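K.L.:
need the 3D shape of this:
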Amino acid sequence: MEHSGGFFDFVLSHLSQFLGYTAFANMTFGHVVMILVGLTFIYLAIAKEYEPMLLVPIGFGILVGNIAFYPGLQIGIYENGSVLNYLYFGVMNGIYPPLIFLGIGAMTDFSALISNPKLILIGAAAQLGIFGAYAIALALGFSPSEAGAIGIIGGADGPTAIFLSSKLAPELMGAIAISAYSYMALVPVIQPPVMRLFTNKKERLIRMKPPRTVSKLEKIAFPIAGLLLTCFLVPSGLPLLGMLFFGNLLKESTVTKRLADTAKGPLIDIVTILIGLTVGASTQATTFLTTKSVGIFVLGACSFVIATMGGVLFVKFLNLFLKEGNKINPLIGNAGVSAVPDSARVSQVVGLQYDKTNHLLMHAMGPNVAGVIGSAVAAGVLLSFLY
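P.N.:
Numbers count the residues shown, from 1 in each chain. As a prediction, the model looks like this:
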């Protein structure tokens with residue numbers, strides 16, 4: 001009987017130890033909240049098709065990161081030696097974002113911007129969201145470095161947000177990245193009301209001249225000139241801008257098609273999977289759920305609204321100096337927010353609501369790709385002053 005009792009105690013103690021290692025024993029209310037957020041991301045990606053390439057990896061990453069575990073098992077993303085920690089290295093050290101920019105450059109056609117160079121000013125004006133959010137974050141008590149990292153959300157460029165926050169505020173990178181990608185996915189929801197608020201019916205009906213045909217020489221010269229001009233002004237933006245223009249040269253030279261296809265296909269897909277999964281996993285409730293994270297989400301929404309408003313209002317201002325027939329439809333002002341190509345699609349969709357024959361997509365792609373360059377330049381400027 002004594003032997004039987006000892007065996008029972010042995011089983012009971014080991015069962016108790018096993019249960020102590022399960023997620024059920026280590027789960028907190030915060031983990032439940034984050035798992036619900038992850039499920040919401042996956043739902044929006046699949047059911048609503050909001051940026052599925054981003055939200056599915058991020059949403060699943062949130063689930064992975066919020067499976068509660070017993071500390072010290074080397075499985076968490078913040079535990080040295082864990083597999084997730086090794087994969088997260090590319091985020092923390094800014095390796096993944098330039099590779100994403102290489103792929104973006106290889107799939108981007110700058111023809112609309114080259115044919116109408118003044119559209120680059122719209123992309124620059126939309127960066128008002130970055131500096132507006134920066135000023136608000138400073139006023140709310142964030143440090144200058146934190147405010148700079150938060151402000152970049154307004155650029156609507158996830159890789160840029162990750163790159164800058166990894167340098168300026170690595171402890172806030174999870175919240176900043178999730179906020180940036182969330183609002184990028186919600187561009188079709190956030191932007192149209194702002195566009196309607198700051199335009200009238202006459203302005204929404206403006207027809208723009210078809211863009212001129214761009215020569216092959218211009219397309220090849222653009223990434224070279226763009227690199228030299230932007231990086232001589234803002235050398236700190238070189239990791240992003242250098243890879244963006246290099247990818248574009250691979251595409252436009254037409255003699256490196258295999259390299260361009262690799263950059264815009266398998267390479268960017270692999271890096272997107274890694275960056276989405278690890279950024280999602282970094283939202284581990286024990287380190288992610290803070291008042292600062294909530295504040296970052298609110299500021300992210302503000303920066304998107306300010307950026308959209310800045311682009312639209314700048315077009316209205318520009319039109320004051322343009323002759324009739326050369327005016328720009330202010331509905332493409334929102335496209336300066338560099339969520340490529342979603343914000344350009346929003347310009348097209350809203351424009352068609354007022355005139356079913358007025359197609360704005362090609363025109364909107366000009367400020368849209370300018371916004372990609374603009375957000376990288378803005379990141380370089382902030383890095384120069386705050387790093």
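K.L.:
residue 253: what's it in contact with?
P.N.:
Neighbour list for residue 253: residue 220 [criterion: CB atoms under 8 Å, 6 or more residues apart in numbering]. All C-beta spots, glycine's among them, are computed from the backbone N, C-alpha and C.
K.L.:
wait, residue 81 touches residue 75, no?
P.N.:
No. Assessed by CB atoms under 8 Å, residue 81 is found out of contact with residue 75, at 9.7 Å.
K.L.:
more neighbours: which of those two?
P.N.:
Per other CB atoms under 10 Å, whichever of residue 81 and residue 75 has more neighbours is residue 75, with 16 against 8.
K.L.:
how long is stretch 76-94 end to end?
P.N.:
20 Å (CA to CA, to the nearest Å).
K.L.:
should've said stretch 13-29
P.N.:
27 Å.
K.L.:
go on, stretch 64-84?
P.N.:
Using CA to CA, the end-to-end distance of stretch 64-84 comes to 10 Å.
K.L.:
touching it from outside, list them.
P.N.:
With CB under 8 Å, 6+ apart as the criterion, stretch 64-84 contacts 20-21, 23, 25-28, 31, 34-35, 38, 85, 88, 277-278, 280-285, 287.
K.L.:
just want the most central residue of this structure.
P.N.:
Taking CA atoms, centre = their mean, the centroid of the chain lies closest to residue 158, which sits 1.9 Å from it.
K.L.:
quick check on it: phi, psi?
P.N.:
phi -60, psi -50 (degrees, to the nearest 10).
K.L.:
was I right about it contacting residue 55?
P.N.:
No. With contacts counted by CB under 8 Å, residue 158 stays clear of residue 55, the gap being 11.1 Å.
K.L.:
need the overlap of contacts for the two.
P.N.:
residue 181.
K.L.:
pLDDT weak spots in the stretch 1-150 of the chain?
P.N.:
Within the stretch 1-150 of the chain, the stretches with pLDDT under 70 are 1-5, 7.
K.L.:
residue boundaries of the helices in the stretch 201-350 of the chain?
P.N.:
201-204, 216-233, 238-252, 257-262, 268-281, 285-288, 291-319, 342-354 (DSSP state H, counting those that start in this stretch).
K.L.:
check which helices and strands the longest one sits against.
P.N.:
Identification of packing neighbours for helix 291-319 by 3 or more CB pairs under 8 Å, 6 or more residues apart in numbering; DSSP states H and E yields helix 119-125, helix 128-139, helix 144-151, helix 173-185, helix 187-197.
K.L.:
what's the closest of these to residue 207?
P.N.:
Shortest distance between residue 207 and the helices and strands packed on helix 291-319, using CB to CB, is found for helix 119-125: 15.9 Å.
K.L.:
contact partners of the closest one?
P.N.:
112-113, 310-311, 313-315, 318, 328, 332-333, 335-336, 338, 363, 366-374.
K.L.:
quick one: contacts for the nearest residue to residue 134 once chain neighbours are set aside?
P.N.:
Closest residue to residue 134 apart from its sequence neighbours, by CB to CB, 6 or more residues apart in numbering: residue 151 at 3.4 Å. Listed by CB under 8 Å, 6+ apart, the contact partners of residue 151 are 129-134, 137, 303, 382.
K.L.:
can you select the buried ones from these in ChimeraX?
P.N.:
Selecting just the buried residues from the contacts of residue 151 in ChimeraX takes one command, with 16 or more other CB atoms under 10 Å as the test:
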select :129,130,131,132,133,134,137,303,382
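K.L.:
redo the contacts of residue 151 as a markdown table? Include distance to residue 230.
P.N.:
Below are the contacts of residue 151 laid out as a markdown table (distance: CB to CB, whole Å):
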| residue | distance to residue 230 |
| --- | --- |
| 129 | 19 |
| 130 | 16 |
| 131 | 18 |
| 132 | 22 |
| 133 | 22 |
| 134 | 20 |
| 137 | 25 |
| 303 | 22 |
| 382 | 15 |
